[in-house]
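[1] Starting from these lines, generate the structure:
(one chain, ligands or ions: 1)
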Amino acid sequence: MPRHLPALLDQIHTEAQALFGQGRVADYIPALGEVPPRQFGMAVALCNGETHAVGDAHTPFSLQSITKLFTFVLALKLVGDELWQRVGREPSGAAFNSIVQLETENGIPRNPFINAGALVITDILTTRYAHLDYALLGALRRLADDPELHWNARIAKSERDTAHRNMAMAYFMKSHGNFHNPPELVLDNYCRQCATEMSCSQLAQATMFLANKGRDQSLRGEPDEQFLSADDTRRVNALLLTCGAYDAAGDFAYRIGLPVKTGVGGGIVAIVPGVGTVAVWAPELDAKGNSVLGAFALERLVQLTGWGHNTL
Ligand SMILES: NC(=O)CC[C@H](N)C(=O)O
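    Just a heads-up that it's a prediction; the model follows:
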């Protein structure tokens, strides 16, 4: 671990300010459009227990697609490899909310991290849990070490009221037999899931199991838990590297070279296996729906620390 990490984070924080104004806050979910754009936070959690944070790292933000990582892990734990009969594991090269591939690929989404794939995952979890929203919240509260963690009901409703495109995908997959529950019910769960809020420091903590061969260490004195097997952890990280940033996954791999998951709330989490996790948040997005300052900050961090250089 670089001794001077706090100074590096300060430097990145300062450099990132120059990029304010280059992106736009997502407003296709109306309530997300109200988030003040000029915010930036970054938090690092290290496997040795150290944590570092800068800027707005303790401000909660809407996780949005970052929740796809958690729901996928839960589904993988529950149904294992059977899951691959209903969703692929190839990069899509298309926008996160694209519908076109479903038509030529028999209603099987390319991967679990685009909207269509995440909807199938939420469908799988809806079959397994009578109250998926609370089951998911329970898992996230444990991972983030925060019993108060919640979803934002206003943002969930705002997305649900305008979820026409996701609903269309759900019905299309249902016509192919790849959707088992009523789309309305799954969309209710999906919109609540996406509206879950965490700060950067909580998100870095909640994803530590991915840097730690699947082991979740509690900050609150609870016993450690093997949350995911070491093999599955390696697989999840591979998928995050190839599919975690939608149709910018190649660009992210080139610039940052780490497993990542992005969301239209402006958050990005990156995993540095064996070292730690980095969560960054800045609401202004590029044209592909990824945080402009967030991607810049991660790129600078790997340049300045060398993280990831010996893992690829
Ligand atoms: N890329 C994202 O973060 C998208 C999530 C959002 N809830 C949607 O379905 O459109």
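[2] got the buried residues for stretch 9-27?
    Buried residues in stretch 9-27, counted by 16 or more other CB atoms under 10 Å: Leu9, Ile12, His13, Ala16, Leu19, Gly23, Val25, Ala26. Glycine gets a C-beta too; all of them are placed from N, C-alpha and C.
[3] what does the strand or helix carrying Val302 contact?
    Here Val302, judged by DSSP states H and E, is contained in helix 292-305. Residues from elsewhere that reach helix 292-305, judged by CB atoms under 8 Å, 6 or more residues apart in numbering: 2, 5, 8, 11-13, 15-16, 19-20, 22-23, 40, 42, 252, 255-258, 260, 262, 266-268, 270, 278, 280-282, 284-286, 307-309.
[4] Where strands are concerned, which of the residues you listed count?
    Among the contacts of helix 292-305, DSSP state E puts Met42, Val260, Thr262, Gly267, Ile268, Ala270, Val278, Val280, Trp281 in strands.
[5] so Ala279 touches Leu210, yeah?
    No. Contact criterion CB atoms under 8 Å: Ala279 and Leu210 do not qualify, at 11.9 Å.
[6] Could you check which of these two is surrounded by more residues?
    Ala279 (30 against 27; other CB atoms under 10 Å).
[7] Show me what that one is bridged to.
    Counting by DSSP bridges, Ala279 is bridged to Ala43, Val269.
[8] so where do the helices sit in the chain?
    Remark: helices assigned in the chain by DSSP state H are 5-16, 67-79, 100-104, 115-128, 132-144, 153-161, 164-175, 183-194, 200-206, 208-211, 230-243, 249-255, 292-305.
[9] backbone phi and psi for the closest residue to Ser229 other than its chain neighbours, please?
    Excluding the flanking residues, the one nearest Ser229 by CB to CB, 6 or more residues apart in numbering is Gly214, at 5.6 Å. Main-chain torsions, Gly214, degrees, to the nearest 10: phi 90, psi 0.
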